[in-house]
Every structure is written in C-alpha cells, then in structure tokens.
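Peer 1: what follows is a predicted structure for the sequence shown.
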Amino acid sequence: MAIVYHEAARTFHLYNGQISYIIEVMPNGMLKNVYYGKRIHDREDYSYQGNDGFLMHGVCSVDGGLALQHQRQEYPAPGIGDFRESAFLLRQENGSHISRFVYSYHTIYEGKRPLEHLPATYVEEKREATSIDIVLYDNVTDTELILTYTIYEDLAVITRSARFLQKGEEKVVLEKALSACVDFPDKDFEMVHLSGAWGRERQIKIRKLEEGTQSIDSIRGVSGAEHNPFVALKRLSTTEFTGEVYGFSFVYSGNFLAKVEVTPHEITRVILGINPYNFAWPLKKGDSFQTPEVVMVYSEEGLNGMSRIFHKLYASRLVRGEWRDRERPILINNWEATYFDFDEEKILSIAEKAKEAGIELFVLDDGWYGERNIDDRSLGDWYPNPKKLPHGVSGLSEKVEALGLKFGIWIEPEMTNKNSDLYRAHPDWIISTPDRYESMCRTQHILDYSRPEVVDYIFGLLDKLITESKISYVKWDMNRYMSEAYSRTATADKQGMVMHKHILGVYSLYERLIRKHPKILFESCASGGARFDPGMLFYAPQTWCSDNTDAAERLKIQYGTSLVYPLRSMGAHVSASPNHQVNRVTSIETRANVAFFGAFGYELDLNKLSEEELKTVKEQIAFYKKNRRLFQFGEFLRIRSPFEGNVTSWIVTGPEKKEAIAAYYQVLNVANGPWIKVKLAGLDPDLFYRVSYEDKVYEMYGTEIMQIGIPVDRKEFTKKGDFASLLFLITAKES
Ligand code: DGJ
C-alpha cells in the first residue's frame with residue numbers, strides 16, 4: 001500500500017519508490033504538509049519537526065498558539081489568521097466568509113476514481129495507484145470537504161482534487177474552490193511557466209522567486225494562449241538534465257489561477273485551481289462541488305525528467321480511446337492551401353496529389369458549411385454549402401475515401417455568428433449580458449453551453465454530419481475568448497456558475513460524440529494553440545500546436561509545449577514558403593525536420609510545389625512512416641534550447657535506446673563559426689551506434705556521442721544558409 005496512516009501521530013505518508021508526501025493532522029484538526037519531495041523513510045511520527053513560527057507582533061494565532069500564517073497547509077482556510085492566498089471561500093447566509101474545516105475521517109483505497117463530468121488521469125488496473133479521501137468538516141455550516149489524493153505506483157506523480165458537500169440546511173455559496181496547495185519550506189526556486197499569445201504560444205519563462213506573489217491565470221473562459229495551466233518550481237541549479245523540479249499541471253480547459261507566493265519567512269506557497277473570477281457556486285443541502293484535478297510531478301533529473309513523467313502519464317493515462325496507442329495518420333489540411341476559396345474540384349485535386357505523395361488523411365478545414373466564404377458568418381449552420389460541395393460532405397468524403405485517403409472535417413461547435421441561421425432562430429443562445437455591448441472577436445459569439453438544450457442541438461447536427469459521411473477525424477476549433485459572461489436563462493444567483501458550467505457543457509459534448517463515434521480521431525484547436533491543456537487531451541488525443549507554422553518559430557513553440565505535453569499530442573505541419581504568418585523562407589527539409597517531432601502533416605497545396613520539392617515530400621513521408629513509431633512513441637529529450645541561443649537540438653529514443661533520431665537546427669547562419677560537435681543525450685553509453693546524416697556515416701559509442709559529439713563540417717553546413725537543420729539517424733549495431 002503506497003499510503004499509510006500512522007494513527008498515534010495522525011500522519012499520512014503517501015509514497016512510492018521515488019517520492020514521499022507527508023500530511024499531518026495538527027492538534028487543532030487542520031491539515032499540515034510536513035514534506036513533499038524525494039522519497040524519505042517512513043516512520044511513525046514526524047512531529048519532532050514541530051510547528052513553524054512563533055507568536056510575536058503581527059501574528060494571529062488559533063487554538064492557543066498556532067501561528068497559521070507560518071504553517072505549511074494542505075488546503076488553507078480564509079480569514080483565520082493565514083493571510084496568504086486561501087484555497088477556498090465559502091459564504092454563509094449571514095455573509096461571513098469564515099470557515100474552519102477539521103479532520104473527520106479518511107478512506108484509503110486502491111486505484112483511482114473518475115471525477116464526475118470532469119477530465120482526469122485514470123488507472124487501468126487498481127494496482128497502478130492508491131488513493132485517499134481525507135474528509136474534513138466545518139460544524140458551523142455543516143459542510144464536508146473531501147480532499148482526494150492519488151499516488152501512482154510507478155511514477156513520481158500525485159494527483160489532487162477537492163470536493164465540497166453541503167450536508168446542512170444552511171445555503172452556502174462557494175466563491176472560490178481551488179484544487180491544490182503545496183507549501184514548501186524555502187524559496188530557493190525559480191518559477192517556470194509557459195506564456196505567449198496567438199502565433200507564439202507556450203514560450204518558456206523562468207524567474208527567480210522573491211517575497212511576494214507571482215501568478216499566471218486565465219479569465220478568458222478557456223485556458224488561453226497567454227498562459228498555459230502549468231507551473232513548475234525548479235532549484236536554481238536545475239538544468240534540463242539534473243536537479244530538482246516540481247511540476248503542477250491543471251487538468252482543466254477554462255479559467256484558472258496558478259499562484260506562487262513567498263512569505264518574508266521564505267515559505268513558498270503554490271496554489272492552483274479554477275480562477276475565482278466570476279465564480280460563485282451555491283450549495284444547498286445535498287449539493288456538492290467537485291474541483292478539477294491538479295497533477296503534481298516531482299523529478300530530480302531536471303526539466304527533462306519532469307517532462308518524461310508528464311509525457312508518460314498524459315499519453316497513457318489521460319488520453320483515452322483507441323487512438324491512445326495507435327500511430328497517428330499523416331494528414332494534409334487545406335486551410336493554408338485554400339482558406340475559404342475552394343470547391344469540390346479543388347479539394348479533390350489536392351487530395352489526389354496527397355495520395356500520390358503517400359499522405360493518409362485529408363482534412364477539410366473551415367468554409368464548407370452555410371454561406372461561409374468569409375469569417376463573419378454561418379458558424380452553427382453545420383450543413384454543407386451546395387455551391388462548394390454539390391455532393392455534400394458525404395459525397396466529398398466518399399470521393400476522398402475512393403482515392404485511398406481517410407477523410408476528416410473541421411468544426412467549431414461552441415460558436416455562432418449573428419449572420420447565421422442558428423442565431424436568427426435562437427438569438428438568446430449566445431453568452432452576453434442584457435443591455436450591454438456584445439464584444440466581438442472574429443465577428444463571432446460563444447454559444448451558451450451552460451444550457452443543456454444548446455448542447456443537445458449542436459450534438460444533433462454534428463452527430464448527423466458524422467453519421468452521414470465517412471469521417472475518420474474531426475478538428476474541433478474554438479476561436480474566441482469569453483467576454484460579457486452571462487447566461488440569458490440563469491437566475492441572478494446562478495450567474496457565477498456560468499463560466500464553469502460552460503466548460504462542463506463543452507466536455508459533455510465531447511464525451512457524447514466520442515462515445516457515439518469512438519473510432520474518430522479528434523484534434524482540438526483554438527486559434528492555433530489557445531487551448532492546449534490536459535483537459536482537452538482527455539477528449540482529443542491531439543492539439544493543433546499553433547497557427548504559426550514557420551519552422552524557426554515552431555522550434556520555440558514545440559520546445560515549450562514539450563515541457564508538459566507528449567510529441568504525439570502536438571499537431572505539426574509543413575506549410576508553404578514564404579510562410580504565411582511571418583513571410584519567412586525556409587527549406588522544405590527544415591520545415592519537415594521540425595514538424596517530424598509532432599503529429600506530422602502538411603498544410604499547403606502540393607500542386608504548387610516544384611517536381612523537386614514534391615519528390616522531397618514523398619521521401620519525407622516515406623521516412624516518417626518508417627520512423628513514425630519512434631517519433632510518436634519514443635522518449636523525447638530536449639538538449640539545446642531555442643530560448644537560449646541560435647541553436648536548438650533534441651532527440652527521440654526508442655525502446656532500450658537501440659534507435660534514436662536527433663535533430664540540430666541553427667536559426668541564423670554564422671560566418672566562420674565555431675566547429676560543430678553535436679553532443680546528444682539519452683543514449684546508452686555502452687552501446688555502439690551507427691550514426692548517419694546526409695551522406696555521412698560514423699560508428700560511435702554512446703559515450704562518444706554524448707561526451708565528444710558528432711562531428712559536422714562547418715564549411716558544408718554553412719552552405720545551407722539560414723534556418724539550417726540536420727537529422728541524425730542513430731541505430732545500435734549488433735555487438
Ligand atoms: C483557426 C485554426 O487554428 C486554423 O488552423 C484554422 O482552422 C482556422 N481557425 C479556420 O477558421
């Protein structure tokens with residue numbers, strides 16, 4: 001059992017071979033965090049550690065001397081002497097926000113239970129994890145608080161969530177309900193997070209912690225491109241390969257808050273959950289509120305160590321369905337090839353060329369429905385435009401399948417335009433506040449998915465579309481943030497539920513569609529990568545990384561994304577040159593060398609390529625197919641960061657490190673630069689490898705590759721110009 005309870009000292013120890021997490025019930029019944037980190041010995045009692053802090057000026061105490069503001073707490077209460085960010089706010093009928101939850105009882109059980117209506121990591125067999133529900137109780141409001149922890153047996157992972165259950169007659173309102181809090185005893189950390197904007201999502205940001213607070217968040221109704229729901233604390237000396245790091249990832253796709261607070265006594269609080277902005281959840285007798293899950297990862301093998309754990313967990317115990325373990329198809333998407341300007345003939349001409357090149361799936365993007373020839377109309381009218389598709393989606397899908405390709409389609413189910421049949425029939429279905437200006441974004445509005453009838457209606461249309469056509473893949477887009485959040489049917493006391501209920505509605509539509517059509521591969525998307533979060537991965541195994549398909553920019557986007565998310569979850573396409581987002585010219589080789597490290601595809605009109613380029617594309621596709629398993633299911637390691645210089649490198653290794661593919665990219669060319677030795681990582685030091693790139697072949701031990709590096713002729717490399725890249729194929733030789 002990986003969770004033990006020491007009765008006399010009222011201490012819980014969650015541990016596996018790698019980590020320990022220790023919680024103590026303080027004498028006053030509140031929960032304290034004793035330790036979180038590398039595995040330590042289990043013992044009956046850690047109370048010799050005592051309570052931190054003492055009473056002096058400026059310190060409020062509870063229960064005759066406990067300075068809560070210095071205690072490391074599990075789920076801190078507001079307003080009773082701890083002046084840091086609290087984990088929750090519960091408003092009583094009398095207006096008070098004070099509550100005090102104390103230990104009541106606990107249950108330890110094998111396995112992990114699903115979270116109702118929410119995405120979460122899971123187990124396939126009970127022995128994979130052990131869980132505990134620690135039940136706390138507030139006697140004034142007669143409310144229970146259940147803190148759930150799960151520790152995985154073989155991974156340095158603990159998951160956490162909280163549930164409030166109103167047992168009493170009093171009508172309370174939950175005004176804040178975060179998912180997890182960890183207080184660390186020192187501040188010797190740097191905070192790592194992923195920030196950005198449209199077209200430059202998930203850039204790595206690192207800052208040293210100091211007293212005060214630093215936070216990232218979203219109040220946009222979705223996780224957003226600006227900040228990913230992820231934060232890590234790493235030791236100052238931690239690198240990609242060595243040192244301690246604690247990662248926190250929030251399995252949710254809506255508003256979030258991740259806050260890191262350092263006290264003048266150098267305790268560091270990390271606290272995460274649904275953003276309290278515009279959140280108020282009434283609870284009457286019998287009601288409960290379940291928070292989403294936070295996944296906590298510990299590694300002492302640097303950021304790569306943390307990422308390896310996230311990748312493994314998310315690829316195998318968050319993603320579901322038959323595509324979880326299947327190789328993902330090489331697709332071609334017509335968005336950058338045609339935008340809205342297409343008809344069946346044009347689509348088929350691209351599909352034919354794609355088939356000839358070896359592509360496996362054709363994806364028809366935006367513009368196939370209603371009057372959608374421009375982006376100000378028709379969202380919600382999910383039936384084909386006969387002028388463009390005279391034989392409908394079903395006719396086109398049959399023709400594409402007859403060519404020998406699978407067919408996929410783009411949808412944006414959460415949206416409508418005022419210029420649409422849907423809006424004309426149901427003007428009150430959009431999220432907007434009465435008598436106020438309705439902000440527009442791409443001339444569209446968000447449908448109110450907090451209302452089940454809206455979700456039902458969209459489900460009906462999409463189910464019909466999918467059922468009537470040969471659809472193997474769905475790209476689910478979402479192209480605006482939520483403003484003027486208000487539901488036309490919710491009463492005043494329920495408006496604070498709308499933003500969360502909306503996300504629950506999105507999840508419920510996904511769930512219904514994947515249950516009814518389990519063979520479909522879903523790829524989520526939000527103006528590129530504005531909703532690349534673990535919540536989405538529970539429903540859609542892939543996410544479109546970014547609308548920015550430029551190879552040089554993608555180095556940063558994919559490098560940052562890989563901090564948390566596995567390669568096969570990242571949609572990555574080769575697009576036209578000059579690139580449509582930054583007008584940069586790059587070679588077709590470099591474009592593919594970047595996109596190979598993801599769920600690979602193309603997004604251009606192959607008919608417009610030269611014979612030479614088309615030949616290269618065919619070779620790229622053959623190469624990817626041969627090595628797809630390695631790219632999509634191998635272990636990925638970042639080696640040199642695009643955020644730190646002109647060079648990026650990374651590697652993906654296969655089972656037992658017997659094969660690997662590494663890449664080396666140089667953004668700008670360098671005259672008379674230093675000699676190049678490409679030092680790799682993640683190989684078996686004792687294996688003797690064949691290393692090849694272009695026309696070069698070397699035989700080297702793993703130690704040589706990792707310590708001396710693969711020699712690259714600078715003079716030859718310089719001829720490639722800017723945005724040059726090399727791909728190294730590495731295979732162990734039979735000994
Ligand atoms: C935004 C997406 O990120 C693009 O790939 C494309 O699908 C457009 N929307 C279509 O409107």
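Peer 2: That came through, no problem.
Peer 1: okay, now the unreliable bits of this protein?
Peer 2: Judged against pLDDT under 70, the low-scoring parts of the chain cover residues 1, 735.
Peer 1: go again with 80.
Peer 2: 1, 53-56, 64, 734-735 (pLDDT under 80).
Peer 1: can you show me the helices along it?
Peer 2: Taking DSSP state H, the helices of the chain run over residues 302-317, 335-338, 344-357, 392-403, 421-425, 452-468, 498-516, 534-537, 551-561, 588-595, 611-633, 702-707, 714-718.
Peer 1: give the buried residues for the longest one.
Peer 2: Put plainly, it is helix 611-633. 613-614, 616-617, 620-621, 623-624, 627-628, 630-633 (16 or more other CB atoms under 10 Å). (Each C-beta comes from the backbone N, C-alpha and C, glycine too.)
Peer 1: would TSV of those with distance to the ligand be doable?
Peer 2: Written out in TSV, the entries for these read as follows (distance: CB to the nearest ligand atom, whole Å):
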residue	distance to the ligand
613	22
614	23
616	24
617	20
620	21
621	21
623	25
624	21
627	26
628	22
630	27
631	22
632	21
633	25
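Peer 1: okay, now residue 721: neighbour count?
Peer 2: Other residues lying near residue 721 total 14 when counted by other CB atoms under 10 Å.
Peer 1: er, residue 131 I mean
Peer 2: Neighbours of residue 131 using other CB under 10 Å come to 21.
Peer 1: can you check residue 154 too?
Peer 2: Using other CB under 10 Å, the number of residues around residue 154 comes to 12.
Peer 1: OK, contacts around it?
Peer 2: 16, 17, 128 (CB atoms under 8 Å, 6 or more residues apart in numbering).
Peer 1: again, but for residue 524
Peer 2: Remark: with contacts taken as CB under 8 Å, 6+ apart, residue 524 is in contact with 476, 478, 531, 532, 536, 539, 540, 542, 543, 544.
Peer 1: and what of residue 100?
Peer 2: With contacts defined as CB under 8 Å, 6+ apart, the neighbours of residue 100 are 30, 77, 80, 138, 140.
Peer 1: for it, give me phi and psi.
Peer 2: Note on residue 100: its backbone torsions stand at phi -150, psi 100 [degrees, to the nearest 10].
Peer 1: ok, back up a step: closest one of the buried residues of helix 611-633 to residue 9?
Peer 2: Lowest distance from residue 9 to the buried residues of helix 611-633 (CB to CB) belongs to residue 633, with 44.5 Å.
Peer 1: isn't the closest one up against residue 627?
Peer 2: No. Distance between residue 633 and residue 627: 10.7 Å, which falls outside the contact criterion (CB atoms under 8 Å).
Peer 1: interface residues of this protein facing the ligand?
Peer 2: Within the chain, the positions lying close to the ligand (CB under 6 Å from any ligand atom) are 335, 365, 366, 410, 477, 479, 525, 527, 528, 544, 547.
Peer 1: dump these to a markdown table, plus neighbour count.
Peer 2: Listed next are the residues of the chain next to the ligand as a markdown table, based on neighbours: other CB atoms under 10 Å:
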| residue | neighbour count |
| --- | --- |
| 335 | 23 |
| 365 | 21 |
| 366 | 20 |
| 410 | 21 |
| 477 | 24 |
| 479 | 20 |
| 525 | 27 |
| 527 | 22 |
| 528 | 26 |
| 544 | 29 |
| 547 | 21 |
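Peer 1: looking at the residues you listed, which is nearest residue 209?
Peer 2: residue 528 (30.6 Å).
Peer 1: list the residues that contact the closest one.
Peer 2: In this structure, residue 528 makes contact with 198, 199, 201, 225, 544, 545, 546, 547, 548, judged by CB under 8 Å, 6+ apart.
Peer 1: which of those lies closest to the ligand?
Peer 2: residue 547 (4.5 Å; CB to the nearest ligand atom).
Peer 1: and the residue nearest to residue 639 when sequence neighbours are not counted, how far is that from residue 637?
Peer 2: Using CB to CB, 6 or more residues apart in numbering and skipping residues adjacent in sequence, the residue nearest residue 639 is residue 649, 4.3 Å away. Plainly put, residue 649 is 10 Å away from residue 637 if you go by CB to CB, to the nearest Å.
Peer 1: repeat for residue 434
Peer 2: Computed as CB to CB, the residue 434 to residue 637 distance reads 54 Å.
Peer 1: of these two, who's got more company?
Peer 2: In this comparison of residue 434 against residue 637, neighbours counted by other CB under 10 Å, the higher total goes to residue 637 at 25 against 8.
Peer 1: inside strands: which ones of the contacts of residue 528?
Peer 2: Under the assignment DSSP state E, the contacts of residue 528 contribute residue 544 to strands.
Peer 1: pretty sure residue 235 is touching residue 242, no?
Peer 2: No. In this structure residue 235 lies outside contact range of residue 242 using CB under 8 Å: 9.5 Å.
Peer 1: pull the contacting residues for the residue lying closest to residue 555 once chain neighbours are set aside.
Peer 2: Leaving out its chain neighbours, the residue that sits closest to residue 555 by CB to CB, 6+ apart is residue 642, at 4.3 Å. When the contact criterion is CB under 8 Å, 6+ apart, the partners of residue 642 are 555, 556, 559, 648, 665, 667.
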